[in-house]
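Engineer: sequence first, predicted coordinates after that:
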Amino acid sequence: MVNRQWSIVFNFTHVYEAYDFMQSEAFQWVDCTQINGTDCYCDGEAERKLKELMADLPLNAVHWIDSGDYHYVSKLWIDRIEEPFTLVVLDHHPDMQQPMFGELLSCGSWVRVVLEQNPLVNKVWLIGVDDKLLGETEGFAEKVDVISESELMGKPIVETIKRLDIQGPLYLSIDKDVMTNSECSTNWDQGSMTWKQLTALLNHLLQRQVLGVDICGEEPKILTQCVYGVDSRINMKFNESLLNLIMNKEQ
């Protein structure tokens, strides 16, 4: 189960500084603002520094990893898992692109890298993926199952949940761009998942053994745009509600 005492904030863009509820002692902050080579792509030196910062932090926690540009941090947490597991990713994008710059880890390729390099991953479930991007999953039929955006829209969520055949422990990664933009604002194109659907999915998934959870999908531009006040309040409320949803399942 997720440790209710640990909520870890990776501060790359300062966006979390706008959220009042994250300023309490319940959140452990990790300053990543001075690390170069992290925006969308993570070079070798940046990866080394991030792993150093993470070394003494627990996997068994809720990790807030800033905007979707840093979703590759999920892979760094997953590297810490020492037993066979299922990876469940809620995301509007498969994040299974072919690497564009050699072996450089990126926010768009990290799931593919996990599949290619980690022998402990039994299965990857991708939930809420844009149907137009499903070509990225070709060649991984044995290890990847997809619940696409159109399936989420076309079936009752109870029917969708029945498909989630998960064996053993899981690691859960949530990119908020899977959500409809009426729920929150991100810096990537967004899907159509509703809060009701998200609640049903998490209520199901969190009944299992969860090795860790990470959340990304912030919108750093709210720090400079004139809509800052509105978008910041919406995103803060969503984040707080999401954390309460996760933690309440552990009570």
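Structural biologist: Looks like it arrived, so ask away. Since this is a predicted model, take the numbers as computed values, not measurements.
Engineer: and the nearest residue to N118 once chain neighbours are set aside, how far is that from V124?
Structural biologist: Computed as CB to CB, 6 or more residues apart in numbering, the closest residue to N118 that is not its neighbour in sequence is I78, at 6.6 Å. For every residue, glycine as well, the C-beta is placed using N, CA and C. Distance, I78 to V124, using CB to CB, to the nearest Å: 10 Å.
Engineer: burial of the residue nearest to N118, as a residue count?
Structural biologist: Using other CB atoms under 10 Å, I78 has 24 neighbouring residues.
Engineer: does it touch V114 like I think?
Structural biologist: Yes - assessed by CB atoms under 8 Å, I78 is found in contact with V114 at 5.8 Å.
Engineer: what sits in contact with each of these two?
Structural biologist: 87, 121 (CB atoms under 8 Å, 6 or more residues apart in numbering).
Engineer: contacts for the longest helix along the chain, please.
Structural biologist: Counting by DSSP state H, the longest helix found in the chain is helix 228-248. Outside helix 228-248, the residues within contact range by CB under 8 Å, 6+ apart are 2, 4, 7, 18-22, 62, 64, 174, 176, 179, 183-185, 195, 198-199, 202, 206, 213, 215, 218-219, 222, 225.
Engineer: among those residues, name the buried ones.
Structural biologist: With neighbours counted by 16 or more other CB atoms under 10 Å, these contain buried members at 2, 7, 18-19, 22, 62, 64, 174, 176, 179, 183-185, 195, 198, 202, 206, 213, 215, 218-219, 222.
Engineer: mind listing which of those residues are in strands?
Structural biologist: Residues of the buried ones among the contacts of helix 228-248 located in strands (DSSP state E): 7, 62, 64, 174, 213, 215.
Engineer: pick out the most distant pair among the residues you listed.
Structural biologist: The distance between the two most remote of these (CB to CB) is 13.7 Å, for S7 and I174.
Engineer: please report phi then psi for V73.
Structural biologist: Phi and psi for V73, reported as degrees, to the nearest 10, are phi -60, psi -30.
Engineer: what is the burial count for it?
Structural biologist: As a measure of burial, V73 has 25 neighbours, counting by other CB under 10 Å.
Engineer: next one: P119
Structural biologist: Using other CB under 10 Å, P119 has 6 neighbouring residues.
Engineer: give the helix, strand or coil label for it.
Structural biologist: Here P119 is recorded as coil under DSSP: H, G, I helix; E, B strand; the rest coil.
Engineer: from L126, how far out is it?
Structural biologist: Per CB to CB, P119 is found 20 Å from L126.
Engineer: how about S173?
Structural biologist: Computed as CB to CB, the S173 to L126 distance reads 10 Å.
Engineer: quick check: neighbours shared by the two?
Structural biologist: By CB under 8 Å, 6+ apart, S173 and L126 have these common neighbours: 89, 91.
Engineer: how about the strands in the stretch 51-200 of the chain?
Structural biologist: Secondary structure of the stretch 51-200 of the chain (DSSP state E, counting those that start in this stretch): strands at 62-64, 85-90, 105-106, 121-129, 144-148, 170-175.
Engineer: same list (those) but as a markdown table, adding distance to H71 and mean pLDDT.
Structural biologist: Shown next, in a markdown table, are the strands of the stretch 51-200 of the chain (distance: least, CB to CB, whole Å; pLDDT from 0 to 100):
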| stretch | distance to H71 | mean pLDDT |
| --- | --- | --- |
| strand 62-64 | 11 | 97 |
| strand 85-90 | 9 | 98 |
| strand 105-106 | 9 | 94 |
| strand 121-129 | 13 | 98 |
| strand 144-148 | 17 | 97 |
| strand 170-175 | 6 | 98 |
